[in-house]
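Asker: kindly return the folded structure for what I paste below:
(3 chains)
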Amino acid sequence: MHDHFALLAFVTVAAVLEQAYFSMQVIWARRKYKISPPSTSGHPGFERIFRAQLNCTEYFPLFISILWVAGYFFHEGTAAACGLFYLYMRYEYFHGYAASAQERLKPMYISATLIWILIGLSLFGLTEHFVFAYFGVRIKEMLLGWRL
Amino acid sequence: MHDHFALLAFVTVAAVLEQAYFSMQVIWARRKYKISPPSTSGHPGFERIFRAQLNCTEYFPLFISILWVAGYFFHEGTAAACGLFYLYMRYEYFHGYAASAQERLKPMYISATLIWILIGLSLFGLTEHFVFAYFGVRIKEMLLGWRL
Amino acid sequence: MHDHFALLAFVTVAAVLEQAYFSMQVIWARRKYKISPPSTSGHPGFERIFRAQLNCTEYFPLFISILWVAGYFFHEGTAAACGLFYLYMRYEYFHGYAASAQERLKPMYISATLIWILIGLSLFGLTEHFVFAYFGVRIKEMLLGWRL
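Answerer: Presented below is the predicted three-dimensional model:
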């Protein structure tokens, strides 16, 4: 059974490691700009890093949830590949935002697109599942049949 | 095996879509009130929408976790129904909060109650599981037996 | 099948209950220091409690994700024990932070260490899984064989 989600689990661990890395960047930025907790404002350089980390943290549970649903109901390898690309774009987003608010935009759009792709794959996989469960029809086979 | 959690997966995708909708509302509010990232304060209208989205985001992982535990250990359909009602109340909460801090209260209490119901179902289901695993007694059957 | 993750589900419910407890502490602090939503700043005593809750909330999805991966791919009981200890340290962290920024440090370091232990167990378990899947070698048995 483990075979069906080991790749998803691997991407999940990679995502946790990335979040740990972002958290450390915030700690280093606190030292650099001399901003002690609980304060979260002061130098714009710190505020951008703080917001970048918060944004990645907000998206983390959405990403993990949709990664697993897409991986189970559509295809594990495809979902895991999208997931790894998402994590790379989040890395680019974080360092872009740390440099300037402008540079966060491109990787932000790409990572949002990847979330939408995972949502699309999930909805397709779930539709396929329910159509088969209630009507006994396999959508994938039907689509392939039409092509032939 | 997919049959045991397709409904939970469907509610999960709906929850992700709702969060995507809330995020877009924040982006639109940033434009309307002309508040550029990384700033998160300014007009009270923006601050309420920002806080509403943040609150929903904070509850998202709690909701997903307890939804799945309740769905697995108590009953999938019941958990999924509570979940859909929760998402509807979160929608009401968001738009209530956007209007005024007062109007967020009623849907906030209902959505919190739904989380408590899911916690209760989870604890009941888990107790049932452990009692059966260690004592071989099925609580549900026992309760039904007493009634007869 | 439920047997393989009932302990993880139990720790998950405990984690959700702890977060509910932290949220209530913030509500009580809002009343005590008379800080109405959407405002999140004012008295340092409130700000520390607010930041403590936010920090625990940010770590919640990371904790749940890594708990389940470690529980599945390494060992359920070990992961659940680490998880319960983590929740206890989060409780100490919260009340430490409420008292002073200094007192949050020790439980913060211990809870971070527990997350790293869970990451380590996950990576070991996943490596073991992939090595067995692709090379047919069981790492645990091999290590035990070397010792004998």
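Asker: rest of the way, CA atoms for contacts and neighbours
Answerer: Noted.
Asker: show me what contacts A:I66?
Answerer: A:115, A:118-119, A:122, B:12-13, B:16 (Cα atoms under 8 Å, 6 or more residues apart in numbering or on different chains).
Asker: if you set the cut-off to 10 Å instead, what comes out?
Answerer: A:72, A:79, A:83, A:115-122, B:9, B:12-13, B:15-17 (Cα atoms under 10 Å, 6 or more residues apart in numbering or on different chains).
Asker: model confidence for it, exactly?
Answerer: pLDDT for A:I66: 98.
Asker: after the helix or strand that contains A:I66, which helix or strand is next? Please name it.
Answerer: Using DSSP states H and E, A:I66 sits in helix A:44-73. Next along the chain after helix A:44-73, taking DSSP H and E as the criterion, comes helix A:76-99.
Asker: restricting to C-alpha, output that following helix in CSV.
Answerer: What follows is helix A:76-99, C-alpha atoms only, in CSV (Å, rounded to 0.1, in the frame of the first residue of the first chain):
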residue,chain,number,x,y,z
GLU,A,76,0.9,10.0,-8.1
GLY,A,77,3.9,10.8,-10.3
THR,A,78,2.2,13.8,-12.0
ALA,A,79,1.1,15.3,-8.7
ALA,A,80,4.6,14.8,-7.2
ALA,A,81,6.3,16.4,-10.2
CYS,A,82,3.9,19.4,-10.0
GLY,A,83,4.7,19.5,-6.3
LEU,A,84,8.5,19.6,-6.7
PHE,A,85,8.1,22.3,-9.3
TYR,A,86,5.9,24.3,-6.9
LEU,A,87,8.5,24.0,-4.1
TYR,A,88,11.2,25.3,-6.5
MET,A,89,8.9,28.3,-7.5
ARG,A,90,8.3,29.0,-3.8
TYR,A,91,12.0,29.2,-3.3
GLU,A,92,12.3,31.7,-6.1
TYR,A,93,9.3,33.6,-4.7
PHE,A,94,10.9,33.8,-1.3
HIS,A,95,14.3,35.2,-2.5
GLY,A,96,12.6,37.4,-5.1
TYR,A,97,10.4,39.0,-2.4
ALA,A,98,13.4,39.4,-0.1
ALA,A,99,15.0,41.5,-2.9
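Asker: pull out the buried positions in it.
Answerer: A:76-77, A:79-80, A:82-84, A:86-98 (16 or more other Cα atoms under 10 Å in any protein chain shown).
Asker: sorry, back to before: okay, buried residues for the helix holding A:I66 please.
Answerer: Neighbour-count burial for helix A:44-73 [16+ other Cα under 10 Å]: A:45-54, A:56-73.
Asker: stretch A:106-114 too?
Answerer: So stretch A:106-114, judged by 16+ other Cα under 10 Å, has buried residues A:107-108, A:110-112, A:114.
Asker: need those residues in JSON lines with distance to chain C, can you?
Answerer: Shown next, in JSON lines, are the buried residues of stretch A:106-114 (distance: Cα to the nearest Cα, whole Å):
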{"residue": "A:P107", "distance to chain C": "22"}
{"residue": "A:M108", "distance to chain C": "20"}
{"residue": "A:I110", "distance to chain C": "23"}
{"residue": "A:S111", "distance to chain C": "19"}
{"residue": "A:A112", "distance to chain C": "19"}
{"residue": "A:L114", "distance to chain C": "20"}
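Asker: ok, which of these also contact chain B?
Answerer: Among the buried residues of stretch A:106-114, proximity to chain B is found for A:A112 (Cα under 10 Å from any Cα of the partner chain).
Asker: which one of the buried residues of stretch A:106-114 is nearest A:S39?
Answerer: Set against A:S39, the nearest of the buried residues of stretch A:106-114 by Cα to Cα is A:M108 (26.2 Å).
Asker: which helix or which strand is home to that closest one?
Answerer: Assigned by DSSP H and E, A:M108 falls in helix A:105-135.
Asker: the helix or strand following that helix - what's its average pLDDT?
Answerer: Remark: after helix A:105-135, the chain's next helix or strand is helix A:139-147, criterion DSSP H and E. In this model, helix A:139-147 has a mean pLDDT of 73.
Asker: what comes up buried for helix A:139-147?
Answerer: A:I139.
Asker: what packs against that helix?
Answerer: helix A:105-135 (3 or more Cα pairs under 10 Å, 6 or more residues apart in numbering or on different chains; DSSP states H and E).
Asker: for the helix it packs on, what is the average pLDDT?
Answerer: Per-residue scores along helix A:105-135 average to 94.
Asker: which secondary structure elements does it sit against?
Answerer: helix A:44-73, helix A:76-99, helix A:139-147, helix B:6-32.
Asker: which of the ones you listed has the lowest average pLDDT?
Answerer: helix A:139-147 (a mean of 73).
Asker: not counting that helix itself, show me its contacts.
Answerer: Contacts of helix A:139-147 (Cα under 10 Å, 6+ apart): A:124-125, A:127-129, A:131-132.
Asker: can I get it in CSV? Just the C-alpha atoms.
Answerer: Listed next in CSV are the C-alpha coordinates belonging to helix A:139-147 (Å, rounded to 0.1, in the frame of the first residue of the first chain):
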residue,chain,number,x,y,z
ILE,A,139,-14.0,8.3,-18.3
LYS,A,140,-10.3,7.8,-19.3
GLU,A,141,-11.2,4.7,-21.4
MET,A,142,-14.1,6.5,-23.0
LEU,A,143,-12.0,9.4,-24.0
LEU,A,144,-9.4,7.1,-25.4
GLY,A,145,-12.1,5.2,-27.2
TRP,A,146,-13.4,8.3,-28.9
ARG,A,147,-10.0,9.1,-30.2
